[in-house]
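Novice: give me a 3D structure for the following:
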Amino acid sequence: MASTSGVVAPNQAAALAQLKRQTRRSRGPNPETALVRACLEILRLHRVMAWRQNSGFLKNQRGQLIPMGPAGAADITGILPDGRRLEVEVKRLGNHPTDAQWRFLRAIETNRGIALVVYSAEQLDHELRRLLGAITRLRKAARIAKEVYFAQRQEAGNGRTASRRVYDGVCGQMRPGLLVSRTGEGGETRAGGGDQGP
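Specialist: Modelled structure (predicted):
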């Protein structure tokens with residue numbers, strides 16, 4: 001029984017905890033939660049800083065609703081090695097993002113982030129290999145262009161050489177928003193706004 005101060009009696013708290021455990025067992029484990037854990041492990045293996053992002057509301061002791069994150073926030077958020085924000089919405093096959101989730105993902109893309117909807121850990125692994133491979137290629141191209149630029153600059157002694165224009169072009173491609181993509185249920189990838197990488 002609850003006392004007049006709003007504190008739950010110890011025996012009632014134990015009974016509520018037991019009821020919650022039984023309810024959880026009868027529903028079984030949530031397959032989407034297991035998929036989110038698998039996706040977080042894939043991100044960790046690729047050395048991408050990422051974490052679980054909860055959304056919705058939490059009720060505090062006074063009964064007030066406290067927002068846990070923006071409406072429609074993706075299940076996983078993180079930062080790619082090139083500094084772009086990564087948002088991953090994890091869904092079971094047959095489920096689709098809600099309108100609020102699509103709005104959130106589009107807002108991330110509009111602001112030059114990467115927004116993905118994945119239906120398996122393998123699909124996320126494939127997308128990360130593609131994204132991280134493009135980042136590596138751009139960094140290598142920028143390093144080579146920089147070496148050529150400084151070598152020509154030492155020879156010429158002054159001025160903006162043709163290789164400087166190449167260097168500027170390659171480095172310009174490394175700005176956030178280079179590879180904006182969304183992955184569909186079947187694994188197909190569509191390019192979003194921004195330039196496409198090599």
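Novice: now for the lengthiest helix in the chain, which elements pack on it?
Specialist: Longest helix in the chain, counting residues (DSSP state H): helix 121-156. Under the contact criterion of 3 or more CB pairs under 8 Å, 6 or more residues apart in numbering; DSSP states H and E, helix 121-156 touches helix 31-45, strand 114-118, helix 162-173, strand 181-183. For every residue, glycine as well, the C-beta is placed using N, CA and C.
Novice: if we use 6 Å, what do you get?
Specialist: Applying 3 or more CB pairs under 6 Å, 6 or more residues apart in numbering; DSSP states H and E, one finds that helix 121-156 contacts helix 31-45, helix 162-173.
Novice: compare the mean pLDDT across the ones you listed and name the weakest.
Specialist: Across those, helix 162-173 has the smallest mean pLDDT, namely a mean of 57.
Novice: what's the nearest residue to residue 65 if we skip its chain neighbours?
Specialist: Counting by CB to CB, 6 or more residues apart in numbering, residue 65 lies nearest to residue 57, which is 4.2 Å off, once chain neighbours are set aside.
Novice: got it, and residue 105?
Specialist: Computed as CB to CB, 6+ apart, the closest residue to residue 105 that is not its neighbour in sequence is residue 115, at 3.9 Å.
Novice: which ones are touching that neighbour?
Specialist: 87, 105, 108-109, 182 (CB atoms under 6 Å, 6 or more residues apart in numbering).
Novice: rewinding a little: buried residues in the longest helix of the chain?
Specialist: Residues of helix 121-156 classed as buried by neighbour count (16 or more other CB atoms under 10 Å): 121, 123-128, 131-132, 134-135, 138, 141-142, 145-146, 148-149.
Novice: likewise stretch 36-52?
Specialist: Taking 16+ other CB under 10 Å as the criterion, stretch 36-52 shows 36, 38-40, 42-43, 46, 48, 50 as buried.
Novice: gap between the two ends of it?
Specialist: Taking CA to CA, to the nearest Å as the measure, stretch 36-52 stretches 8 Å from start to finish.
Novice: got the phi/psi numbers for residue 72?
Specialist: phi 80, psi 10 (degrees, to the nearest 10).
Novice: apologies, that question was intended for residue 79.
Specialist: According to degrees, to the nearest 10, residue 79 has phi -130, psi 130.
Novice: just the one 3 residues further on next, same as before
Specialist: With angles defined as degrees, to the nearest 10, residue 82 shows backbone torsions of phi -90, psi 10.
Novice: if I look at it, how far off is residue 133?
Specialist: From residue 82 across to residue 133, the span is 12 Å (CB to CB, to the nearest Å).
Novice: same deal with residue 57?
Specialist: According to CB to CB, residue 57 stands 39 Å off from residue 133.
Novice: ditto for residue 83
Specialist: In terms of CB to CB, residue 83 sits 17 Å off from residue 133.
Novice: ok, now residue 114?
Specialist: The separation that residue 114 has from residue 133, given CB to CB, amounts to 14 Å.
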